[in-house]
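Chemist: The sequence and its predicted three-dimensional model are supplied below.
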Amino acid sequence: MVTPNSFTVRCDSAAVNDVLVIGGSGLLGQHLLREATTRGYRAQGTYSTEPVPRFLRLDVSDVAAARELVSRVRPGVVVVAAAMTNVDGCESRPDVAERVNAIAPGEIARASKEVGARVVHVSTDYVFDGRSAPSDESTPPKPINAYGRTKLEGERNVLAADSEALVVRTCANFGWNRLRSKENSVTWILRGLRQGKALPLFTDQRVSPSYAPHVARVAFDLLEKEEAGIYHVATKGCLSRFEIGEAVCRAFGLPASLLIPSTLEDAHLVAPRPRLSCLTSRRLERFPNIPVPPFHETLDELRRTE
Ligand SMILES: NC(=O)c1ccc[n+]([C@@H]2O[C@H](COP(=O)([O-])OP(=O)(O)OC[C@H]3O[C@@H](n4cnc5c(N)ncnc54)[C@H](OP(=O)(O)O)[C@@H]3O)[C@@H](O)[C@H]2O)c1
């Protein structure tokens, strides 16, 4: 079901495009919407569960509804930030994960191409098996769980529908979530520490956390440079979840004594997780004006913007 489009911020420039962010209610989606409006685009977001004022409702597992929305709104840019992000949920419901993460993005890209819209698709470090050193854009993907498999299929479907699409792979997304109470890799640690809880953090899973406002800035920089294909967008470095906890304590002046070293095995998770899930971007090195900050710098920005 689609509700009337009212979340448009009009711009004076005649040259700007409309941006439709599918999954605008998510962590990354809301930062993409904010970046779009900051840059003078007219932006429209969608949600799928709890309504967000002035957003359109869209469940992408209804592929026909997703195609219809793109054809009706006729945006200049379609950003696909919607996904089934619950990794264990994808393992238990691979049919739903396939529809949301694999089939829908390809169909949305096809519908976008038909109306002449540029496509930006968001993907994940979980397309890799995490058995070797940090992965760059040329590393062959080899997913080890249903989430990773369906997201990889989604990337391929998008690029098959539109070879000019931009695919942005991120890792352990974090940032302030102003629309949902859902926590992320950093706010979960912050909330727990502030409540005085002991927090088990993996010492055997390494990631390069992606800061949502940074991802949004880079995505629009690349879009405006008319870049296509796969780009990795994450902070510089490769930290264990435990080291992330230590960095959060340093940045926010909280006690590290509450951090408990633990392992993936201790957690008895449904889906296997890649252990070395860090991303580097060879392709961004060509653009000196697109900085890749270290994690601690993004934490400083997070603290300043609370
Ligand atoms: N979370 C991570 O750590 C992480 C890491 C690497 C890559 N990624 C990728 O980054 C992108 C954004 O994720 P995020 O971190 O912003 O996750 P998030 O906060 O969980 O947001 C997910 C978004 O997808 C929407 N959505 C879920 N199922 C949907 C459906 N069936 N139809 C339409 N919309 C649906 C949600 O809508 P509602 O809010 O209405 O439910 C929400 O807007 C995804 O492509 C994800 O695969 C995430």
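Modeler: Yes, it's here.

Chemist: Check the chain for the residue nearest the ligand and tell me.
Modeler: G26 (2.2 Å; Cβ to the nearest ligand atom). The way it works is simple: take the backbone N, C-alpha and C, and place the C-beta from them, glycine included.

Chemist: Pull the contacting residues for L299.
Modeler: Residues counted as contacts of L299 (Cβ atoms under 8 Å, 6 or more residues apart in numbering) are 186, 247-248, 251-252.

Chemist: again with R217
Modeler: E35.

Chemist: Flag every buried residue along the helix or strand where it lies.
Modeler: Assessed by DSSP states H and E, R217 sits inside helix 212-224. Residues 212-223 are the ones in helix 212-224 that count as buried (16 or more other Cβ atoms under 10 Å).

Chemist: how close does the closest residue to P213 other than its chain neighbours sit to A165?
Modeler: Using Cβ to Cβ, 6 or more residues apart in numbering and skipping residues adjacent in sequence, the residue nearest P213 is H31, 5.1 Å away. Taking Cβ to Cβ, to the nearest Å as the measure, H31 falls 20 Å from A165.

Chemist: Settle it for me: which of these two has more neighbours?
Modeler: H31 (26 against 23; other Cβ atoms under 10 Å).

Chemist: and the more buried one, that one's in a strand?
Modeler: No: using DSSP: H, G, I helix; E, B strand; the rest coil, the secondary structure at H31 is helix, not a strand.

Chemist: Let me know whether it touches A219 as I believe.
Modeler: No: in this structure, H31 is not within contact of A219 by Cβ atoms under 8 Å, at 9.4 Å.

Chemist: now the helix or strand harbouring D300: how far from the chain's centre is it?
Modeler: Assessed by DSSP H and E, D300 sits inside helix 295-304. From the chain centre to the centre of helix 295-304 is a distance of 18 Å (Cα atoms, centre = their mean, to the nearest Å).

Chemist: tell me the mean pLDDT for it?
Modeler: Mean pLDDT, helix 295-304: 98.

Chemist: Could you pull out the buried residues of that helix?
Modeler: Quick answer for helix 295-304 (16+ other Cβ under 10 Å): 295, 298-299, 302.

Chemist: Can you pull the residues of the stretch 101-250 of the chain lying near the ligand?
Modeler: 122, 124-125, 151, 170-173, 180, 182, 185 (Cβ under 6 Å from any ligand atom).

Chemist: Among the residues you listed, which are located in strands?
Modeler: The strands, defined by DSSP state E, take in 122, 124, 170 from those.
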